[in-house]
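**Q** Got a sequence here, can you model it:
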Amino acid sequence: MVTIKKVDDQYIMDVDGTESVLEVKQPKGWDETIVLPENPTNRKLINKAVADKKLEEHPEGFELTVKAARAPGQITSLAIPSKKLLEYLPEDLKEEAMAIIERARQAYEAQKSRPLTEQEKLQAKIARIQKQIEEMDKAAANTNTEVE
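**A** Numbering: from 1, shown residues only. Just a heads-up that it's a prediction; the model follows:
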C-alpha cells in the first residue's frame, strides 16, 4: 500500500512501512508538482494542488491508486466507438451493435496476429521492386539516359 501524508510542510510517501520525503518542483509551464520515487503504483508525479485537496479530505494521508503503464506509440484503441450514443438505443439494437463491434474486434485481432504466408511475402517484395523500377524510370526520363 502506498500512501502520501503531509508532516510539517513536507510530503512523505509511505510504501509498506518505508517512508521517504518527497520533492516539490515546478517544471516550466506546469503547476507545482510532487516528484515520486520508484513505487508500486507506477506513478512518477502528482499535482501538488490535487494532493493538498486529498489531504484536506483525509488529513491522515491518502492512498495512491495503481496507474497502468503506457508505452510510447500505443495508438490502437479497441474502445467502443460512440459508446455514449449506444446508451440511447433500444436494448435489442444495443445488443446488435455490441455484437457487431465484438465481431469486428475479433477480426482485427485475428488479422493482427496472423503471420504472412510465403505468397504474401513475395507479393510485397514484388511490389517494392516494381516501385524501385518506376523510380529508376522516372530518374532516367529526367536525365534522358537509359537505365542499365
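
**Q** Residue 88: what's it in contact with?
**A** For residue 88, no contacting residues are found, by CB atoms under 8 Å, 6 or more residues apart in numbering. Any C-beta I mention is one placed from the backbone N, CA and C, and that applies to glycine too.

**Q** SS state for it?
**A** Of the three states, residue 88 takes coil according to DSSP: H, G, I helix; E, B strand; the rest coil.

**Q** Would you mark the buried spots in the longest helix along the chain?
**A** Using DSSP state H, we find that the single longest helix of the chain is helix 118-143. For helix 118-143, a neighbour-count test (16 or more other CB atoms under 10 Å) marks nothing as buried.

**Q** same question, stretch 23-42
**A** Result for stretch 23-42 [16+ other CB under 10 Å]: buried residues 33-34, 36, 39, 41.

**Q** cool, and stretch 55-63?
**A** 55, 61-62.

**Q** and the end-to-end length of it?
**A** Between the opening and closing residues of stretch 55-63 there is a gap of 10 Å (CA to CA, to the nearest Å).

**Q** And for it, what's in contact with it?
**A** 1-6, 14, 51, 54.

**Q** tell me the least confident of these?
**A** pLDDT is lowest at residue 1 among the contacts of stretch 55-63; the value there is 81.

**Q** to the chain's geometric centre, what's the distance from the helix or strand bottoming out on mean pLDDT in the chain?
**A** The helix or strand of the chain with the poorest confidence is helix 83-86; it has a mean of 78 (mean pLDDT, DSSP states H and E). Chain-centre distance of helix 83-86: 22 Å, with CA atoms, centre = their mean, to the nearest Å.

**Q** Restricting to C-alpha, output it in PDB.
**A** The C-alpha trace of helix 83-86 is given here as PDB (Å, rounded to 0.1, in the frame of the first residue of the first chain):
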ATOM      1  CA  LYS A  83     -20.300   4.500 -26.500                       C
ATOM      2  CA  LYS A  84     -22.400   7.400 -25.300                       C
ATOM      3  CA  LEU A  85     -24.600   7.200 -28.300                       C
ATOM      4  CA  LEU A  86     -25.200   3.400 -27.700                       C
END
